[in-house]
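Novice: Attaching a predicted model along with its sequence, questions to come.
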Amino acid sequence: RSARARAGSPQRHQGLRSRALEWRGRSRARARPPVAPKPGSEAPAGDVTQLGLHGCTIGDEGILHLASALAANAAVTSLDLSSNRIGYKGANHLVSALAANVTLTSLNILANRLTEAGARALVAVAESKPNQ
């Protein structure tokens, strides 16, 4: 499959296609080595704090299931959903989950099929959260 076919049509979302939305001003555009948590802020033993799902082609249907788990999750602080074919419906599922989630501080949604409306909704929920 060509890179163009995976990325969606070139006319789609010209302003959003080439950049990641930043969640609270932190970008996950590149993989970073894990950083030890600050004392007193550790997640319980065995909990996943960084979840990388780059290129899993989750799509809008898969995001529905992930979003319901994310809404109740109190451990994940960093989530990479880049290149997952997430569109408008998936963005709406994420908005609902992120509004309820209090621990996520980094979200990478680069190279998805977001509409401008979906991107604006994600930005609005990010701006409504207090910075940590």
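Specialist: Here it is on my side, so go on.

Novice: After the least confident helix or strand in the chain by mean pLDDT, heading C-terminal, what element do we hit next?
Specialist: Scoring the helices and strands of the chain by mean pLDDT, DSSP states H and E places helix 3-7 at the bottom, with a mean of 46. Next along the chain after helix 3-7, taking DSSP states H and E as the criterion, comes strand 50-52.

Novice: how about that following strand: buried residues?
Specialist: 50-51 (16 or more other Cβ atoms under 10 Å). Where you see a C-beta, it was placed from the backbone N, CA and C, and this is true even at glycine.

Novice: Partner strands of it, with direction?
Specialist: strand 78-80 (parallel) (DSSP bridges).

Novice: who's in contact with the partner strand?
Specialist: Contacting residues not belonging to strand 78-80 are listed as 28, 49-54, 70, 104-108 [Cβ atoms under 8 Å, 6 or more residues apart in numbering].

Novice: What of stretch 48-62?
Specialist: Contacts of stretch 48-62 (Cβ under 8 Å, 6+ apart): 31, 34, 37, 43, 66, 75-90, 93, 108.

Novice: No further questions, thank you.
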